[in-house]
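Asks: coords below, sequence missing:
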């Protein structure tokens with residue numbers, strides 16, 4: 001039964017990210033409750049389904065493929081501040097290239113977080129899942145985090161193609177000072193940060209990291225320290 005629950009939870013989570021757009025539900029709900037309202041509802045639903053998937057994986061029979069190491073636990077602890085920062089600075093930021101961003105307010109000359117990477121949330125998901133995949137070598141968690149890692153990497157290509165198609169000839173101009181792979185635009189000299197990072201977003205990132213670290217054992221059942 002535990003494996004069945006895990007499979008059902010994974011199916012519901014993946015379906016929640018595909019069905020709304022495929023059936024036009026996203027557009028209908030956005031028209032009714034607005035873009036911010038839809039984002040809030042979708043975020044709450046996604047978080048609830050993600051927790052269900054994680055809990056279901058924890059209840060599945062343990063079939064060890066590789067052992068956890070101190071290095072892998074350190075990798076998770078070092079990755080998580082970056083993961084949360086990417087999410088905090090990426091969600092609802094002026095960034096027409098990412099599904100979590102917004103088109104309004106974007107300046108190609110000062111692209112903001114898009115200068116760091118056009119897909120901050122998907123990179124956050126890839127880093128989160130990759131670090132946790134290394135630290136959790138039992139079969140259920142390998143399926144869980146491996147699926148998310150593949151989903152995030154492939155998702156970048158899908159989102160980039162869709163946005164490039166929508167922008168057409170303006171894509172090259174809009175992305176001139178950005179990069180898909182983090183820091184490439186900075187290394188290539190195409191982009192430099194314009195001023196200090198947003199203090200409210202930085203505060204959100206710090207608080208979110210502290211909350212996740214503090215509640216990880218209580219909610220997930222695993223002590224996060226190395």
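Replies: Cool, the structure landed. Model, not experiment: these values are computed from the prediction.
Asks: lowest-pLDDT helix or strand in this structure?
Replies: For the chain, using mean pLDDT, DSSP states H and E, the weakest element among its helices and strands is helix 19-22, scoring a mean of 75.
Asks: now that one: buried residues?
Replies: Neighbour counts using 16 or more other C-beta atoms under 10 Å place residue 20 of helix 19-22 among the buried residues. For glycine as for every other residue, the C-beta is placed from the backbone atoms N, C-alpha and C.
Asks: so which bits of the very next helix or strand once past that helix are buried?
Replies: Next helix or strand after helix 19-22 toward the C-terminus (DSSP states H and E): helix 25-59. Using 16+ other C-beta under 10 Å as the burial criterion, the residues of helix 25-59 that qualify are 29, 30, 38, 39, 42, 49, 52, 53, 54, 56, 57, 58.
Asks: tabulate those residues (a markdown table), appending pLDDT and distance to residue 204.
Replies: What follows is these, written out as a markdown table (pLDDT from 0 to 100; distance: C-beta to C-beta, whole Å):
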| residue | pLDDT | distance to residue 204 |
| --- | --- | --- |
| 29 | 81 | 25 |
| 30 | 80 | 24 |
| 38 | 80 | 20 |
| 39 | 77 | 15 |
| 42 | 84 | 18 |
| 49 | 93 | 22 |
| 52 | 95 | 25 |
| 53 | 95 | 24 |
| 54 | 93 | 22 |
| 56 | 95 | 29 |
| 57 | 95 | 28 |
| 58 | 93 | 28 |
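Asks: which pair in those residues spans the largest distance?
Replies: In terms of C-beta to C-beta, the buried residues of helix 25-59 reach their longest pairwise distance at 30 and 58, which sit 34.4 Å apart.
Asks: now residue 148. Nearest residue, chain neighbours left out?
Replies: If the residues on either side of it in the chain are set aside, residue 148 comes closest to residue 129, at 3.7 Å by C-beta to C-beta, 6 or more residues apart in numbering.
Asks: typo on my end, residue 179
Replies: Once its chain neighbours are removed from consideration, residue 179 has its nearest residue in residue 185; the separation is 3.8 Å (C-beta to C-beta, 6+ apart).
Asks: check contacts around that neighbour.
Replies: 115, 116, 177, 178, 179, 191 (C-beta atoms under 8 Å, 6 or more residues apart in numbering).
Asks: and what of residue 72?
Replies: By C-beta under 8 Å, 6+ apart, the residues touching residue 72 are 131, 134, 135.
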